[in-house]
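*Asks:* Turn this into a structure:
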Amino acid sequence: MIEMEHVSKHFGTVHAVNELTLRVPAGELFCFLGPNGAGKTTTIKLLCGLLKPTEGTIRIGGLDIRTHGVEARAITGYIPDFPFMYDRLTAAEFYEFTGDLHRVPRETVAREMEESFTLLGLMEYRHTLVRDLSHGLRQRLIYGVTMLHKPRVIFVDEPFIGLDPFSIRMIKDLLREQARSGVTVFLTTHILALIEDLAARIGIIVNGRLVAAGSMDELRAGRDIKGDRLEDIFFSLAR
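*Replies:* Predicted structure coming up:
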């Protein structure tokens with residue numbers, strides 16, 4: 001579903017991503033891990049079509065992002081670490097506005113909003129202005145609107161920033177359910193314990209280069225790593 005072949009992104013003399021080759025199949029929950037400045041967010045922006053690669057090929061659902069960017073973005077959902085939202089719209093109006101952007105029929109939007117807002121605990125806030133929602137409620141809303149057009153691939157950059165345990169559990173369950181339904185989920189986070197609990201496979205990027213990718217067992221295999229936790233693996237590989 002996600003294919004990157006020898007992808008590089010340079011900003012002048014800064015090589016943010018170097019020769020990155022990676023494949024993530026449909027229905028996999030894949031987590032990208034690395035130190036600050038390693039190239040995680042740049043990689044996600046390349047995959048979403050927000051940045052153009054200096055070199056290499058990116059395909060989403062078999063669609064080359066260079067030649068079929070509009071079609072690729074139509075099957076993609078993207079939640080950045082600090083998503084932009086229209087503060088003067090109510091939660092329901094923002095949901096409907098997003099549906100219009102994706103050309104989702106209004107009757108479908110109404111049906112999906114009922115189901116989504118119930119699941120995410122937003123029903124009592126549907127007529128509340130976005131600017132008056134708490135951080136956790138805003139995050140739930142952005143997940144709801146991102147799922148509205150039924151993307152086949154979802155990119156999430158730091159999904160758990162500033163969330164309470166209840167919201168973290170809700171979003172973890174939501175991402176797992178999306179993966180079980182066949183959606184590819186590609187996320188980044190610095191919370192190693194959550195990655196260990198959530199991801200089917202993990203990729204570790206350092207200085208723009210992919211140094212390892214696989215399950216926990218695959219990351220440990222053939223390496224002299226003291227300890228069984230992801231923290232031990234990460235510090236060994238990212239050193």
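*Asks:* the domain parsing of the chain - what is it?
*Replies:* 2-75+152-238, 85-150 (automatic domain parsing).
*Asks:* Least confident of the ones you listed, on average?
*Replies:* Lowest mean pLDDT within the domains of the chain: domain 2-75+152-238, at a mean of 90.
*Asks:* Near residue 97, how many other residues are there?
*Replies:* For residue 97, the neighbour count with other Cβ atoms under 10 Å is 13. All C-beta atoms are positioned from the backbone trio N, CA, C, and that covers glycine.
*Asks:* Show the contacting residues for it.
*Replies:* The contact partners of residue 97, taken as Cβ atoms under 8 Å, 6 or more residues apart in numbering, are 86, 89.
*Asks:* Which of the helices or strands spans it?
*Replies:* According to DSSP states H and E, residue 97 maps onto helix 91-101.
*Asks:* Now the helix or strand that that helix is followed by: buried residues?
*Replies:* Once the chain leaves helix 91-101, the next helix or strand it forms, by DSSP H and E, is helix 106-119. Judged by neighbour count using 16 or more other Cβ atoms under 10 Å, the buried positions of helix 106-119 are 109, 112-113, 116-117, 119.
*Asks:* about what we covered before: send the alpha carbons of the helix holding residue 97 over as PDB?
*Replies:* The C-alpha trace of helix 91-101 is given here as PDB (Å, rounded to 0.1, in the frame of the first residue of the first chain):
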ATOM      1  CA  ALA A  91     -17.800  20.700  15.700                       C
ATOM      2  CA  ALA A  92     -20.700  19.600  13.400                       C
ATOM      3  CA  GLU A  93     -20.100  22.400  10.900                       C
ATOM      4  CA  PHE A  94     -16.400  21.500  10.800                       C
ATOM      5  CA  TYR A  95     -17.400  17.900  10.100                       C
ATOM      6  CA  GLU A  96     -19.800  18.900   7.400                       C
ATOM      7  CA  PHE A  97     -17.200  21.300   5.800                       C
ATOM      8  CA  THR A  98     -14.700  18.500   5.600                       C
ATOM      9  CA  GLY A  99     -17.300  16.300   4.000                       C
ATOM     10  CA  ASP A 100     -17.900  19.000   1.300                       C
ATOM     11  CA  LEU A 101     -14.100  19.200   0.700                       C
END
